[in-house]
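Novice: one predicted model, sequence on top.
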Amino acid sequence: EVQLVESGGGLVQPGGSLRLSCAASGFTFSDSWMHWVRQAPGKGLVWVSRISHDGRTTTYADSVQGRFTISRDNAKDTLYLQMNSLRADDTAVYYCAREGPPTWGILTLVYDYWGQGTLVTVSS
Amino acid sequence: DIVMTQSPDSLAVSLGDRATINCKSSQSVLFSSTNKNHLAWYQQKPGQPPKLLIYWASTRESGVPDRFSGSGSGTDFTLTISRLQAEDVAVYYCQRYSTTPPSWAFGQGTKVEIK
């Protein structure tokens, strides 16, 4: 059974830092591209970042570029999101999500498994 | 930036009736290299993460009931729930992929309730 379990959320002051983790199990983590998606309280879904299966390629939303860093440790089956210079509008539930494998050799570019999320609150 | 706009923002449907949600992209999401529309639909129930329903605009994810169907191409897409059941109460999001630069974006969501 595929499982993604996020941790590391909490209350942090504006300008502070936090590192989120996502522990993966039930699939070959090192084969999968992974994402972070966030959802502010009562709001919609917003893509944050993506990392390739080997960690060499990363992509970020404009809103977090230069402040957030996505990384992974394939030996530990764990995905990370280092968040610096946090702002109030970064307050959200942060989900890690697996990008589904290719179907018929074509990338689906969708999220087939999600974690339960971890809440980050940025407030003084 | 490609903007995804869903309509309506909410709808109330009687049990057993059809629910239709629309999603419009400001640019085409049809990739000529694969002839696939990179448009997906997700269902999110309260307190839960989203669940993938449909990808490539009309391909149902494994295990998703066949009362859920997707259609459309290019810039205009539709999610249809053919016979609404109580467990379908949720917020539904469309999502597109864009290549330049690589990015993913969601519509604002459509809340489906029982009338």
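Specialist: Perfect, thanks for sending it. Numbers count the residues shown, from 1 in each chain, chains lettered A, B, ... in the order given.

Novice: skipping adjacent residues, who's closest to the residue most central in space within chain B in space?
Specialist: In chain B, the centroid-proximal residue (Cα atoms, centre = their mean) is residue B:41; its distance is 3.1 Å. Counting by Cβ to Cβ, 6 or more residues apart in numbering or on different chains, residue B:54 is the residue found nearest to residue B:41 once chain neighbours are left out, at 4.1 Å. Bear in mind the C-beta positions are built from the backbone N, C-alpha and C, glycine included.

Novice: can you check residue B:4 too?
Specialist: Residue B:4 sits nearest to residue B:107 (Cβ to Cβ, 6+ apart), 4.1 Å away.

Novice: residue at max distance from the center of chain A?
Specialist: residue A:104 (26.5 Å).

Novice: against residue A:53, how distant is that residue?
Specialist: Distance of residue A:104 to residue A:53, computed by Cβ to Cβ, to the nearest Å: 19 Å.

Novice: for residue A:97, same thing?
Specialist: 14 Å.

Novice: more neighbours: these two, which one.
Specialist: Taking other Cβ atoms under 10 Å in any protein chain shown, residue A:97 and residue A:53 do not tie; residue A:97 has more neighbours (27 against 16).

Novice: so the more buried one is in contact with residue A:24, correct?
Specialist: No - applying Cβ atoms under 8 Å as the test, residue A:97 and residue A:24 come out as separate, 10.8 Å apart.

Novice: which neighbours do these two share?
Specialist: Residues touching both residue A:97 and residue A:24 by Cβ atoms under 8 Å, 6 or more residues apart in numbering or on different chains: A:4, A:34.

Novice: OK, contacts around residue A:27?
Specialist: A:2, A:98, A:113.

Novice: who wins for neighbours among those?
Specialist: residue A:98 (23 neighbours).

Novice: just checking, what packs against the helix or strand containing residue A:38?
Specialist: Element membership of residue A:38, judged by DSSP states H and E, is strand A:34-39. Under the contact criterion of 3 or more Cβ pairs under 8 Å, 6 or more residues apart in numbering or on different chains; DSSP states H and E, strand A:34-39 touches strand A:18-25, strand A:45-51, strand A:68-73, strand A:78-83, strand A:92-99, strand A:111-114.
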